[in-house]
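Undergrad: Please work out how this folds:
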Amino acid sequence: MAKDLTTSQIDRQNILNNDLAVEEIQTKSGMEGIVWEDKVYVTREMTANFFNVDIRTISRYIEQNGEELSKNGYEVLRGKRLKSFLATAQSSGKDINVPTKTTVLGIFDFRAFLNLAMLLSESDQARALRQLMLDIVIDLINRKTGGGTKYINQRDKDFVYSSLQEDNYRRQFTDALKLYVEEDKYKYAHFTDMIYVSIFKEKAKEYKKILDLKANDKARDTFYSEILDIIAAYESGLADAIKQEYEHLGHALSKGEVESLFYSFENLALWKPLIHKGRVKMASRDMALRDAFHYQLSEYIKPLDKDEYQKFLGAAGDELERLMAENQEVLKRLKERE
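TA: Numbers count the residues shown, from 1 in each chain. So this is what the prediction gives:
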């Protein structure tokens, strides 16, 4: 999906929150500044020179996007902090063209500098930097996932446990459908789709299309641990409700009777916060990590925070992926156990 960083704040923030990508961008951007308080900073004038625009253009963007830029590291210095910065700049030998009697000075750290580059539509240099950012983000994710993001969910340490637990509850659910519901070869797929639609508004076929999965790919192998946990809770609860209704009525339930049970079950108030959280996780992670857009969940998309990037792209994920690759046969046997 083509990204226009000048118009999408979510896409901008997803890059800025990805510390691994920002570090690579800083190395390759060619931006030189003043190292102060262990970070690199540039003034508004230095920024204008880098992007080859008038300083009034920089001031206009700050005025129009002040809240976003400040959140990402733009700061106006005064008093002691200003004196400290100017002293550091002077000792570094860089001429930042600041009048001696300056009492306030706006500076960008590197994240704020990138933030401005994403907003600045008048500059060819900013446009080139935006493309560099997107290329580095794509390359980083591809390196971490071996060229494909299908199973990036499995780089979470909680995935294996959630997957194994969900398998157990899946058996309980399918056993309940087999024992207590009238025979229908489509009932397993039908009620599975009802669970999926209830939790994340997509049938299995629709979900697989969005993630570009092949026919033999198992959707559940691509679910995040939080989604697997909610599905497991649905399956366990529904299996119990179906069994109790069967014992109460004394006959196998019809498709309509199970659907009625399902609608009452999914409308329990306890599901609301869990499903909201699950939808945010799925929609936001898939947008940022898989470049997959869930249209039905668009209102739930938020920028990923830094911890999320570390979870799926950091060293812990690298180690987990290595261990899973080395123990595929063990995991397979655990899933196949009775």
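Undergrad: Spatially nearest residue to Arg78, not counting backbone neighbours?
TA: Counting by C-beta to C-beta, 6 or more residues apart in numbering, Arg78 lies nearest to Val104, which is 5.4 Å off, once chain neighbours are set aside. (Glycine included, C-beta is placed from N, CA and C.)
Undergrad: Check Thr192 too.
TA: Once its chain neighbours are removed from consideration, Thr192 has its nearest residue in Ala204; the separation is 6.6 Å (C-beta to C-beta, 6+ apart).
Undergrad: The one helix or strand Ser84 maps to: which residues count as buried?
TA: Remark: Ser84 resides in helix 79-92, with elements defined by DSSP states H and E. If you call a residue buried by 16 or more other C-beta atoms under 10 Å, then helix 79-92 has these buried ones: 82, 85-86, 89.
Undergrad: now stretch 294-312
TA: Here stretch 294-312 shows 294, 297, 300-301, 303-304, 308-309, 311-312 as buried, counting by 16+ other C-beta under 10 Å.
Undergrad: Could you chop this structure up by domain?
TA: Structural domains annotated on the chain: 9-144, 148-336, as defined by automatic domain parsing.
Undergrad: if we can go back for a sec, just the buried residues of stretch 294-312 now: which is nearest Lys208?
TA: For these, the residue nearest Lys208 by C-beta to C-beta is His294; the value is 12.3 Å.
Undergrad: phi, psi of the closest one?
TA: The phi and psi torsions at His294 (degrees, to the nearest 10) take the values phi -90, psi 100.
Undergrad: How much space separates the residue nearest to it when sequence neighbours are not counted from Ala241?
TA: Beyond its immediate neighbours in the sequence, the residue positioned closest to His294 (C-beta to C-beta, 6+ apart) is Ala283, lying 4.9 Å away. Separation of Ala283 from Ala241 (C-beta to C-beta, to the nearest Å) stands at 28 Å.
Undergrad: Could you do Leu179 as well?
TA: As it turns out, when the distance is counted by C-beta to C-beta, Leu179 lies 14 Å from Ala241.
Undergrad: quick one, strands of the stretch 51-200 of the chain?
TA: Taking DSSP state E, counting those that start in this stretch as the criterion, the stretch 51-200 of the chain carries its strands at 74-78, 104-109.
Undergrad: still on that earlier bit, could you tell me which of the buried residues of stretch 294-312 are located in helices?
TA: If you go by DSSP state H, the buried residues of stretch 294-312 have 308-309, 311-312 in helices.
Undergrad: what about Tyr263, neighbour count?
TA: 11 (other C-beta atoms under 10 Å).
Undergrad: and which of the buried residues of stretch 294-312 is nearest to Asp38?
TA: If you rank these by distance to Asp38 using C-beta to C-beta, Tyr309 comes first, at 20.8 Å.
Undergrad: The residue nearest to the closest one when sequence neighbours are not counted: what's it in contact with?
TA: Distances taken as C-beta to C-beta, 6+ apart put Asn18 closest to Tyr309, at 4.7 Å, once the chain neighbours are dropped. Taking C-beta atoms under 8 Å, 6 or more residues apart in numbering as the definition of contact, the neighbours of Asn18 are 137, 140, 288, 304, 306, 309, 313.
Undergrad: Just to check, the fourth one is in contact with Ala283?
TA: This means Leu304. No: assessed by C-beta atoms under 8 Å, Leu304 is found out of contact with Ala283, at 10.8 Å.
Undergrad: Tell me how far Glu259 lies from Phe293.
TA: Applying C-beta to C-beta, the value for Glu259 to Phe293 is 30 Å.
Undergrad: got it, and Gln13?
TA: Shown here: Gln13 relative to Phe293, a distance of 16 Å by C-beta to C-beta.
Undergrad: between those two, who's got more neighbours?
TA: The residue with the greater number of neighbours, taking Gln13 and Phe293 and applying other C-beta under 10 Å, is Gln13; the counts read 20 against 13.
Undergrad: returning to that earlier point: with pLDDT added, can I get the ones in helices among the buried residues of stretch 294-312 in a markdown table?
TA: As requested, these are exported to a markdown table (pLDDT from 0 to 100):
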| residue | pLDDT |
| --- | --- |
| Glu308 | 94 |
| Tyr309 | 93 |
| Lys311 | 91 |
| Phe312 | 91 |
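Undergrad: Which residues does the helix holding Ser84 contact?
TA: Applying C-beta under 8 Å, 6+ apart, the contact partners of helix 79-92 are 34-36, 41, 77, 96, 98, 102-105, 107.
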